[in-house]
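Enquirer: got a predicted model here, sequence first, then my questions.
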Amino acid sequence: AFSAVISACEKDGDWANALQLFSTMVQRSMALDKITFSAAISACAKGNAWEKALQLFNAMEPSKVELDTAAFNAAIGACQRGGEPEKALQLVSVLSRSKLDANAITCSTAVNACQKGGEWQKAMHFVSRMAQNKLELDAIIFNSAISVCETAGKWEKALQIVDVMAQINVEIDTITFSAA
C-alpha cells in the first residue's frame, strides 16, 4: 500500500510526501524494493530535489536492494533536471561499467544532460550508441543533440545530424531548423 501511494506522489511530483512515506516504511522495517526506491527517486526528480534523489539512490545497495536501469534513469533524470549535468553523466558512466544496459530513456536523458553541460562530443556519443543498440531515435533526441552542437559552435555537426534525420526518416520540424 505504501509503495502505491509513493508512486502516486511520484506522478504528482510530491517529493516531500513521498519521502515521508518512505521514511515511515524504513521506521516500520517494511520491505523496500526497486519499485519503491525508483518511485521515491522519481518524485524527488520531478520536485527538483536532486540531492534527495541521490541520497535515496545511494541507499539502495546498503539496503540490499539491487540497482536496476530504472533506478539509474530516475537518478540521472534528477541530476539532469536539477542542473547537475556532471553528476548525471557520472551516473551514466557508472551504469555503463555495471552489468546493466542503458536504454532509450538513459541515452535521451544523457543527451539532455550534455546540453546543459555543453558536452557536444558526449551527446554525439549517446546518439550513436542509441543507433548502434537499435534504440528508438526521435526528433526530440536529435533536436537536443543539435542544440548541444549549436551551443558549442559546432554547426557542421548540427547539419550532419539533420542529414542523418532525413536519411532515417525522422521528422524534421521547426524545432530542428531553429536548433540547427
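Expert: It's in.
Enquirer: what's in contact with the helix or strand harbouring Thr36?
Expert: Element membership for Thr36, per DSSP states H and E: helix 34-46. Helix 34-46 is contacted from outside by 2-3, 6-7, 9-10, 12-15, 18-19, 22, 25, 50, 52-53, 56-57, 59-60, 63, 65-68, 70-71, 74-75, 77-78, 81-82, using CB atoms under 8 Å, 6 or more residues apart in numbering. Heads up, the C-betas are built off the backbone N, CA and C, glycines and all.
Enquirer: what's the answer for stretch 2-12, then?
Expert: 15, 17-18, 21-22, 24-25, 30, 33, 35-36, 39-40, 42-43, 46.
Enquirer: could you check how far the closest residue to Val164 other than its chain neighbours is from Val162?
Expert: Counting by CB to CB, 6 or more residues apart in numbering, the nearest residue to Val164 once its immediate chain neighbours are dropped is Phe142, at 7.6 Å. Distance of Phe142 to Val162, given as CB to CB, to the nearest Å: 8 Å.
Enquirer: more crowded one of these two?
Expert: Between Phe142 and Val162, counted using other CB atoms under 10 Å, Phe142 has the larger neighbour count: 25 against 18.
Enquirer: identify the residues contacting the residue nearest to Val164.
Expert: Contact partners of Phe142, counting by CB under 8 Å, 6+ apart, are 127, 161, 164-165, 170, 176.
Enquirer: and the residue lying farthest from the centre of the chain, how close does it get to Ala75?
Expert: What lies farthest from the middle of the chain is Arg28; by CA atoms, centre = their mean that is 31.0 Å. Distance of Arg28 to Ala75, computed by CB to CB: 25 Å.
Enquirer: and Ile175, by the same measure?
Expert: The gap separating Ile175 from Ala75 is 28 Å, by CB to CB.
Enquirer: quick one on the thing from earlier: of the contacts of helix 34-46, buried ones?
Expert: Among those, those classed as buried by 16 or more other CB atoms under 10 Å are 3, 6-7, 9-10, 14-15, 18-19, 22, 25, 50, 52-53, 56-57, 59-60, 65, 67-68, 70-71, 74-75, 77-78, 81-82.
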